[in-house]
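[1] Got a predicted structure plus its sequence, pasted below:
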Amino acid sequence: MSNNQKETKNYPNKGKSLPVEKSIKDTVFNIFKKALEENIFDALLIPAKVPDTDAYSWILLQDESLFDIADPLPPVMTVQGGRALSSFSKNGELGLKIAALLRPCEARAVIELFKLHQVDLDNMTLITIDCPGAMPLADYMNDPKKIADSFKKISEKWEISESLRPACQNCHRFSLMDGTGPDLHIGLLGENNKVTLIANSPEGNDLLEKLGFESKDSLDKWKTEKEKLVKEKTKKRESFLKEWQEKTKNPDGFFNELNKCINCHNCMNACPICYCQQCYFDSQMINFKPEIYLKKSREKGALRFPLNTMLFHIGRMSHMVLSCVACGACEDACPVSIPVGRLFSMVGDKTQKQFDYVPGLNREDPLPLQIFKEDEFCEVETPNECEEKATEEVK
Ligand code: SF4
Ligand code: SF4
Ligand code: SF4
């Protein structure tokens, strides 16, 4: 089942640098306005602030006046972009040409959903942007102005602040990766007062050409700054993984983290990868007649309600963790502050490494459970032979 997945594609060498005139936001929006005016695409999926409220949502924008409320990098991730995109593109072909501006973890979720046949990418241009992270939703809801102001400061400095969501503090995939994910990437790192457009697919090249841009500017400064931050964040991620693997090395440690769970299933509903319309854990199949509960309670001495809390987490994990993109949307949605995103991301990291798989990296890579190699996981199938082989190797 190993993919032997490699970072198969080198970064593009050149891009198009644009000077920031009024603000980064305006510079980015001018590109989109031009693309809409020239019918390069018909609509743009982008986050926006709901007027007269502190709420953020996604809009499928066609009317240019709505750029006033759009925001390429809002302070919070209210709905994971992969979930927003699949909600309107999974039930048939898109008649219109759509562009979607997503954070890198959202675009990676889209790639996984594409492999799971939950999005149609035929008429879709995926655009990502260097992402400074997002703030915890609960903090923002308590004091929107204060948190939005702190986010502004943190993002200006690209600070790995402890005020960011844990998923973002530990995120080393906040920018363009060496893979066939998005069509176009917007680089914000590197040169101050410049926005760099990086075509990452033939469609991305085509888009830049149609916009009248030539990719001839050096990406060196963007790459250097990006790689510096990737290194710093990888270190942070490694210590997070180490700490959480230690904390949960015994089943008790793992289950203790989930003990406060009220079984609301918010984490599942917020997760872009949990796409099943009827989840087993929400179905009647796990409801039994009263006598069964009484029997179980008699056998155990007592029965804890809500039932099946741990089964829910283990079941959800086993269904989707190979595609977990460590976006933290589940953790943001948890009403009792369970570090559920960290748990899934930690288990995801371990499991994905076993399969040599990076979710959302390449569109062409098959999902690990769709392929297999004859000699893999011999430690599970024929442990004795594996042991002999390992001993021989040691000798
Ligand atoms: S997890 Fe990474 S890509 Fe996603 S919002 Fe946080 S920093 Fe950005
Ligand atoms: S389990 Fe959590 S961190 Fe993983 S993809 Fe789903 S929402 Fe994101
Ligand atoms: S959101 Fe939190 S409380 Fe609700 S089911 Fe998930 S972990 Fe449990």
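    Arrived safely, thanks for sending. Numbers count the residues shown, from 1 in each chain. Ligands and ions are numbered 1, 2, ... in the order given.
[2] got any ranges where the stretch 201-350 of the chain has weak pLDDT?
    By pLDDT under 70, the stretch 201-350 of the chain has no low-scoring segment.
[3] all helices for it, in order.
    202-210, 220-247, 251-258, 266-270, 290-300, 309-320, 329-333, 340-354 (DSSP state H, counting those that start in this stretch).
[4] Single out the most deeply packed of the ones you listed.
    Sort those by mean neighbour count, taking mean count of other Cβ atoms under 10 Å, and helix 329-333 sits at the top with a mean of 26. Glycine gets a C-beta too; all of them are placed from N, C-alpha and C.
[5] How about residues contacting that one?
    With contact meaning Cβ atoms under 8 Å, 6 or more residues apart in numbering, helix 329-333 is reached by 76-77, 79-80, 83, 136-138, 165-167, 266-272, 338-342, 344.
[6] Check the offset of it from the chain's centre.
    12 Å (Cα atoms, centre = their mean, to the nearest Å).
[7] close to ligand 2, is that helix?
    Yes - using Cβ under 6 Å from any ligand atom, helix 329-333 reaches ligand 2 at 329, 330.
[8] can that helix be found next to ligand 1?
    No - Helix 329-333 stays clear of ligand 1 (Cβ under 6 Å from any ligand atom), getting no nearer than 8.9 Å.
[9] what does stretch 152-171 give?
    Yes - using Cβ under 6 Å from any ligand atom, stretch 152-171 reaches ligand 1 at 167, 168, 171.
[10] Correct me if wrong: the first one contacts residue 345.
    In other words, residue 167. Yes - here residue 167 reaches residue 345: they are 6.8 Å apart, a contact under Cβ atoms under 8 Å.
[11] just to revisit the earlier point, neighbour-wise, which one of the residues of stretch 152-171 next to ligand 1 leads?
    residue 171 (28 neighbours; other Cβ atoms under 10 Å).
[12] Quick check: phi and psi at that one.
    When quoted as degrees, to the nearest 10, the phi and psi of residue 171 stand at phi -90, psi 110.
[13] What's the local residue count around the residue of the stretch 201-350 of the chain found nearest ligand 1?
    Residue nearest to ligand 1 within the stretch 201-350 of the chain: residue 327 (5.1 Å; Cβ to the nearest ligand atom). The local packing of residue 327 (other Cβ under 10 Å) involves 33 other residues.
[14] And it, how close does it get to ligand 2?
    Residue 327 sits 4 Å away from ligand 2, going by Cβ to the nearest ligand atom, to the nearest Å.
[15] That residue and residue 167 touch, don't they?
    Yes - using Cβ under 8 Å, residue 327 is in contact with residue 167, at 6.1 Å.
[16] per-residue confidence at the nearest residue to residue 128 once chain neighbours are set aside?
    The shortest distance from residue 128 to any non-neighbouring residue, by Cβ to Cβ, 6 or more residues apart in numbering, is to residue 182 (4.3 Å). Residue 182 carries a pLDDT value of 97.
[17] what do you get for residue 2?
    At residue 2, pLDDT is 42.
[18] The one 10 residues further on now?
    Looking at residue 12, its pLDDT stands at 81.
[19] Report the contact partners of it.
    Residue 12 neighbours (Cβ under 8 Å, 6+ apart): 198, 199, 200, 215, 219.
[20] mind checking which of the helices of the stretch 201-350 of the chain is nearest residue 191?
    Of all these, it is helix 220-247 that lies closest to residue 191, at 5.1 Å by Cβ to Cβ.
[21] Let me know whether that closest one sits next to ligand 2.
    No - Helix 220-247 does not reach ligand 2 (Cβ under 6 Å from any ligand atom); its nearest approach is 13.0 Å.
[22] Contact residues of the stretch 151-300 of the chain facing ligand 2?
    270, 271, 272, 273.
[23] and the residue nearest to residue 128, that's in a helix?
    No - according to DSSP: H, G, I helix; E, B strand; the rest coil, residue 182 belongs to no helix; its state is coil.
[24] Tell me the residues that contact both of residue 167 and residue 345, please.
    What both residue 167 and residue 345 touch, as defined by Cβ under 8 Å, 6+ apart, is the set 326, 328.
[25] buried sites along stretch 130-141?
    By neighbour count on 16 or more other Cβ atoms under 10 Å, the buried set for stretch 130-141 is 130, 131, 132, 133, 134, 135, 136, 137, 139, 140.
[26] end-to-end on stretch 46-58?
    6 Å (Cα to Cα, to the nearest Å).
[27] Can you pull up the most central residue in this structure?
    residue 105 (2.8 Å; Cα atoms, centre = their mean).
[28] Tell me which stretches of this structure form strands.
    For the chain, the strands defined by DSSP state E occupy 14-19, 43-49, 56-61, 98-102, 124-129, 184-187, 194-199, 217-218.
[29] Make TSV from those and add mean neighbour count to it.
    Compiled in TSV, the strands of the chain are given as follows (neighbours: other Cβ atoms under 10 Å):
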stretch	mean neighbour count
strand 14-19	18
strand 43-49	21
strand 56-61	18
strand 98-102	26
strand 124-129	26
strand 184-187	25
strand 194-199	22
strand 217-218	16
